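In: Sharing a model prediction with you, sequence too.
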Amino acid sequence: MPELPEVETIVRALKNGGRGEASILGKKIKSGEILWQKTLEYPGRSEFEAAIVDRGVMDVGRRGKFIDIDLGESHLLIHLRMSGDLRVELPPLSEALPHDRFLLNFKDGSRLAFNDTRKFGRIWLTQSTATPLKNLGIDPFDEVLTTDLFFLNLHKKKKQIKSLLLDQSFIAGLGNIYTDESLHRAGIHPIRSSNSLTLQEAGRLLQAIRATLNESIERNGASIDWVYRGGEFQNSFRVYQRTGRPCLICGTTIERIVVGQRGTHFCPQCQPEGVG
DNA sequence: CCTGAAACCTGTCTGC
DNA sequence: TGCAGACAGGTTTCAG
């Protein structure tokens, strides 16, 4: 479930409570338990376990799709990848669930559990947030990102627009759902070359990205398949997972192609291959 | 620089 | 019922 709106929803819940869960702000750490070795990306296990003890949760934030748990002198960074999820549990605690990969035990008896069926998720404990975040591109909501700058950046590359939007070093936070939804909203075909977009199209696309992400955040993100997180944005999808169904704008049948190895959904009428 | 394929993993669904 | 194959909200690495 991990694109910007879902990560943002989780971060807000960890910080302020919500989704039926408690805030972790101010909690003191008793221990960190690595249940699947490869989930810990950095540092080594013993160093990690020693360094995390006695730290307190000062703040929780988001950078792209990374969850940033500020421990004061260090940061615990979590990336959920494809199937990761976090939950806060209060005492009395039960056994860890199947697919739990990491447990952060607090001194008050509660814990933060990282569950990740596919084992792609990763955590880092770093002094500065630099290490895994240094290649992240601009946040879509950064006010520095104007239409002019976006247009300029698009024209520095010669890449299929869908793949470029998925590139986290170009813009941080979009994934497969929100690229498809944003491109449809902007009326741009997913395989258009980035440097072929006009200034007007760049403006439309940036506006579409922000509107789509904002609407999803308002609905607590999207919940699909068997992973239910209380989000509702899946009910507002225009093209994602709507192959063969009518476009909500023009009625044309939504098509599915593969772009950069990712399933891609679009309306051939609203998103023509040429400049629109 | 750009594209595609493969790898890392487990689970679900579809079709024969 | 069984089984192969496709597919899944992500990212990295490598070949051409």
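Out: Looks like it arrived, so ask away. Residues are numbered from 1 along each chain as shown, chains lettered A, B, ... in the order given.
In: Would you mind naming what in the stretch 101-250 of chain A lies close to DNA strand C?
Out: Within reach of DNA strand C by CB under 7 Å from any atom of the strand, the stretch 101-250 of chain A has these residues: A:118, A:120, A:135, A:166, A:168, A:175-177, A:221-225, A:227, A:229, A:231. (Each C-beta comes from the backbone N, C-alpha and C, glycine too.)
In: nearest to residue A:54, of those?
Out: residue A:120 (30.0 Å; CB to CB).
In: neighbouring contacts of the longest helix along chain A?
Out: Using DSSP state H, we find that the single longest helix of chain A is helix A:199-218. Contacts to helix A:199-218, defined as CB atoms under 8 Å, 6 or more residues apart in numbering, come from residues A:4-5, A:8-9, A:140-141, A:145, A:147-148, A:150-151, A:154, A:161, A:165, A:171, A:173-174, A:178, A:181-183, A:185-188, A:197, A:222, A:231, A:233, A:236, A:275-276.
In: coming back round to it: can I have the buried ones of the residues of the stretch 101-250 of chain A next to DNA strand C as a ChimeraX selection?
Out: Buried members of these, defined by 16 or more other CB atoms under 10 Å, are picked up in ChimeraX with:
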select /A:166,168,175,176,177,221,222,223,229,231
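In: Buried ones in the longest helix of chain A, by neighbour count?
Out: Those would be A:201-206, A:208-209, A:212-213, A:216-217, for helix A:199-218 by 16+ other CB under 10 Å.
In: and what of stretch A:30-50?
Out: Buried residues in stretch A:30-50 (16+ other CB under 10 Å): A:30, A:32, A:34-35, A:39-41, A:48-49.
In: Those in helices, which ones?
Out: Per DSSP H, the buried residues of stretch A:30-50 map to helices at A:48-49.
In: Pull the most distant pair out of the buried residues of stretch A:30-50.
Out: Farthest apart among these by CB to CB are A:30 and A:41. That separation is 22.2 Å.
In: hang on, the earlier thing: quick one: which of the buried residues of helix A:199-218 is nearest DNA strand C?
Out: Of all the buried residues of helix A:199-218, residue A:216 has the smallest distance to DNA strand C: 8.8 Å, by CB to the nearest atom of the strand.
In: Model confidence for residue A:243, exactly?
Out: In this model, residue A:243 is scored at 97, pLDDT.
In: For whichever residue of the stretch 51-200 of chain A sits closest to DNA strand C, give its distance to residue A:140.
Out: Proximity to DNA strand C, evaluated over the stretch 51-200 of chain A using CB to the nearest atom of the strand, is greatest for residue A:175 at 1.9 Å. According to CB to CB, to the nearest Å, residue A:175 and residue A:140 sit 12 Å apart.
In: Many thanks, have a good one.
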